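Participant: compute the structure for the input listed below.
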Amino acid sequence: MKVSVVGTGYVGLVSGVCLAEKGHQVTCVDVDHAKVERINSGIPPIYEAGLEELLKKNIGKNVVATTDLREAVLNTDLSLIAVGTPFDGNEIDLKYIKLVAEQIGAILKEKDGYHVVIVKSTVVPGTTEDVVLPILEQASGKTAGQDFGVGMNPEFLKEGEAIPDFMYPDRIVLGGIDDRSIDALEDLYAVFENVDKIRTNPRTAEMIKYTANSLLATLISFSNEIGNLCAKVGVDVTEAMHGVHLDKRFTPILEDGTRVFPSMVTYLAAGCGFGGSCFPKDVKALIAYGNKAGSPMNLLESVIDVNANQPQKMIDLLKKHYADLGGKTIAVLGMAFKPGTDDIRESPAIPVTQTLLAEGATVTSYDPIARHEAEKIFGNTVDFRDDLGEAIANVDAILIMTRWQHFHQIPELIANLENPPLVIDGRRMLDKHSVSRYEGIGLKV
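Facilitator: Model (predicted):
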């Protein structure tokens, strides 16, 4: 199938490259000439494990990037809209969705034959049918369901694991206004065999995406709330949650006695809070959507409140040892909101670093991937290092903010120091006995 993907951000580029790898002819469209040139050179403008290799393999063969939306739509069978939908504090901002819908509609006006327009961006229920569809009809002068198809196909990509998530999905949601629109999506994903495919309407497809992300965010905040209680009463949250994880409804036991630990249990672990481009934005958007619909989302409001307060726990643990941070040197390890990505959006490391700087501390930092993104925020106010050992040399304390595997080296790196630094583990990834001075989320020392 010939596919145009509008937007070459995280979702658009990963989707486009993976569809090309599956044999489709893909045209990626973006208004940014520099991004288009980079993509056509085989260099992705974002970091995602495995993306560069896959792009270089397919560029110029099954995938090409362009700024020419008109040619892309005229020469493809189906268009995926994968532009940003930022949350403005009250609701998601649909200006990019609306603009692209209007542009595609104008192109459909001059196109002969049937074309399918699919929303891939995360949008609240009703957006595809109540916003995108009318714009397409008005701009094209044509009728949806008769002259062109409309649908919604949400993504379920974890940053850092997006390539395997796309190539080996656990489910594919095919939302369409009619059978013909859904059938087009069926054709697109026919190359994905032995996968549960849900045929539904766009509104339900949109709700599935928000519900999935809100549930995972709720599990994290629940775990953090339990962790905060554990710290108050002298219980190690990792031990308490391990006992929860062994419930076979979470970790099934196979007939041969082997216990399976699904990735779901990683969300049932206390830490310094969730971040990224999805969970914070999507939960807030669903709260706003619920309030507008007359169904207050009280639980989800608590999820956001707990998460907003969680980074401060790192500062509180630090101040147990250093009441005055002025003149102290603190290493903040990890700027990305999670390992495997350079995305620092809503990362807990940002407010923690801002607080340290505001209170007069000298901050060093190391992140194997996200340094360049963090420098856009902190510039030279933070001493960024390219080596973990250099970042933690001669510091008073180490704050682990991201679960990078590199950080398992910390106990060995500081073992022979005469005055080893305090280690505050915001991800509970180290053995609490592996260093001489240890603090962690959900632990009373």
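
Participant: and residue 154, how far from residue 209?
Facilitator: According to CB to CB, to the nearest Å, residue 154 stands 4 Å off from residue 209. All C-beta spots, glycine's among them, are computed from the backbone N, C-alpha and C.

Participant: quickly list what's touching both of the two.
Facilitator: Here residue 154 and residue 209 have 122, 173 as joint contacts, going by CB atoms under 8 Å, 6 or more residues apart in numbering.

Participant: got the domain ranges for this protein?
Facilitator: Following automatic domain parsing, the chain resolves into domains at 2-200, 234-445.

Participant: can you say which of those is nearest to residue 226?
Facilitator: domain 234-445 (6.2 Å; CB to CB).

Participant: how far off centre is the closest one?
Facilitator: Between the centre of domain 234-445 and the centre of its host chain there is 16 Å, according to CA atoms, centre = their mean, to the nearest Å.

Participant: just the mean pLDDT for it, thanks.
Facilitator: When pLDDT is averaged over domain 234-445, the result is 96.

Participant: circling back to that earlier point, in CSV, list the domains of the chain along with mean neighbour count.
Facilitator: As requested, the domains of the chain are exported to CSV (neighbours: other CB atoms under 10 Å):
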stretch, mean neighbour count
domain 2-200, 19
domain 234-445, 18
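
Participant: go through those and name the closest to residue 217.
Facilitator: With CB to CB as the measure, domain 234-445 is the member of these nearest residue 217 (4.4 Å).

Participant: residue contacts, residue 126?
Facilitator: For residue 126, the contacting residues are 203, 206, by CB under 8 Å, 6+ apart.

Participant: just the one 10 residues further on next, same as before
Facilitator: Residue 136 makes contact with 101, 104, 105, 108, 117, 142, 144, 148, 150 under the criterion CB under 8 Å, 6+ apart.

Participant: next one: residue 423
Facilitator: Contacts were defined as CB under 8 Å, 6+ apart; by that measure residue 423 touches 397, 398, 400, 410, 414, 430, 435, 437, 438, 439.

Participant: doesn't residue 430 make contact with the fourth one?
Facilitator: Right, residue 410. Yes. Using CB atoms under 8 Å, residue 410 makes contact with residue 430 at a distance of 6.6 Å.

Participant: identify the contacts common to those two.
Facilitator: Shared between the contact lists of residue 410 and residue 430 (criterion: CB under 8 Å, 6+ apart) are residues 400, 423.

Participant: I'd like the distance from the longest helix seen in the chain to the chain centre, please.
Facilitator: With DSSP state H applied, the helix covering the greatest number of residues in the chain is identified as helix 202-233. Computed by CA atoms, centre = their mean, the chain-centroid distance of helix 202-233 equals 14 Å.

Participant: tell me where the chain has strands.
Facilitator: Counting by DSSP state E, the chain has these strands, from start to end: 2-6, 25-29, 63-66, 78-81, 115-119, 148-152, 171-176, 196-200, 329-333, 362-366, 383-384, 397-400, 422-425, 438-440.

Participant: packing partners for the longest one?
Facilitator: Spelled out, that is strand 171-176. Applying 3 or more CB pairs under 8 Å, 6 or more residues apart in numbering; DSSP states H and E, one finds that strand 171-176 makes contact with strand 148-152, helix 179-188, strand 196-200, helix 202-233.

Participant: what is the mean pLDDT for that strand?
Facilitator: When pLDDT is averaged over strand 171-176, the result is 98.

Participant: and it, which strands flank it?
Facilitator: Its sheet considered, strand 171-176 pairs with strand 148-152 (antiparallel), strand 196-200 (parallel) by DSSP bridges.

Participant: look up how far residue 38 lies from residue 86.
Facilitator: Note on residue 86: its distance to residue 38, by CB to CB, is 23 Å.

Participant: could I get the contacts of residue 136 as CSV with pLDDT?
Facilitator: Conversion of these to CSV gives the following (pLDDT from 0 to 100):
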residue, pLDDT
101, 98
104, 98
105, 98
108, 98
117, 98
142, 97
144, 97
148, 98
150, 98
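
Participant: may I have stretch 136-145 as CSV, with CA atoms only?
Facilitator: Written as CSV, here are the backbone C-alpha positions of stretch 136-145 (Å, rounded to 0.1, in the frame of the first residue of the first chain):
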residue,chain,number,x,y,z
LEU,A,136,-12.2,17.4,5.5
GLU,A,137,-15.7,17.6,4.1
GLN,A,138,-15.7,21.4,4.0
ALA,A,139,-12.3,21.8,2.5
SER,A,140,-12.8,19.0,-0.1
GLY,A,141,-16.4,19.6,-1.0
LYS,A,142,-16.8,15.9,-0.8
THR,A,143,-18.7,13.5,1.5
ALA,A,144,-17.0,11.3,4.1
GLY,A,145,-17.9,7.6,3.7
